[in-house]
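Asker: The amino acid sequence is not available; the structure is as follows:
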């Protein structure tokens, strides 16, 4: 019996951009724009908190794998996903579920940033 995760992975691997309905593509573009807008707001609103968290991340060594918004250096993927989520949730602007749209994951967008191809 296949696990749900395996079924989802198989579906995503087989998925082609050309097979996506245009409404899905357009809504995804809005979610990505929302992610970046919320991240910029979180970056600006919580400068002191962000600075403290970023200093802890910078002390942690590890493989340079992933980008953190507003940084030039790469960091371990878990640290990058965490810090990007701190930015994205920092201004508390991501509650799309209140508008009955979605409860999308900013950390997931961070993990995929720059790695998706059509």
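Answerer: Ah, there it is. Model, not experiment: these values are computed from the prediction.
Asker: Got phi/psi on the residue nearest to residue 53 when sequence neighbours are not counted?
Answerer: Ranked by C-beta to C-beta, 6 or more residues apart in numbering and with sequence neighbours excluded, the top spatial neighbour of residue 53 is residue 86, at 5.6 Å. All C-beta spots, glycine's among them, are computed from the backbone N, C-alpha and C. Summarising the backbone geometry of residue 86 under the convention degrees, to the nearest 10, its torsions are phi -60, psi -50.
Asker: For stretch 27-39, buried residues please.
Answerer: By neighbour count on 16 or more other C-beta atoms under 10 Å, the buried set for stretch 27-39 is 31, 34-35, 38-39.
Asker: quick one on the thing from earlier: distance-wise, check the residue nearest to residue 53 relative to residue 5.
Answerer: Between residue 86 and residue 5 the computed distance is 26 Å (C-beta to C-beta, to the nearest Å).
Asker: Looking at the two, which one has more neighbours?
Answerer: For residue 86 versus residue 5, neighbours defined as other C-beta atoms under 10 Å are more numerous around residue 86 (22 against 8).
Asker: Check whether the more buried one really touches residue 50, as I assumed.
Answerer: Yes: judged on C-beta atoms under 8 Å, residue 86 makes contact with residue 50 at a distance of 6.5 Å.
Asker: Report the rounded mean pLDDT for the helix or strand hosting residue 88.
Answerer: Here residue 88, judged by DSSP states H and E, is contained in helix 77-89. The pLDDT scores in helix 77-89 average 94.
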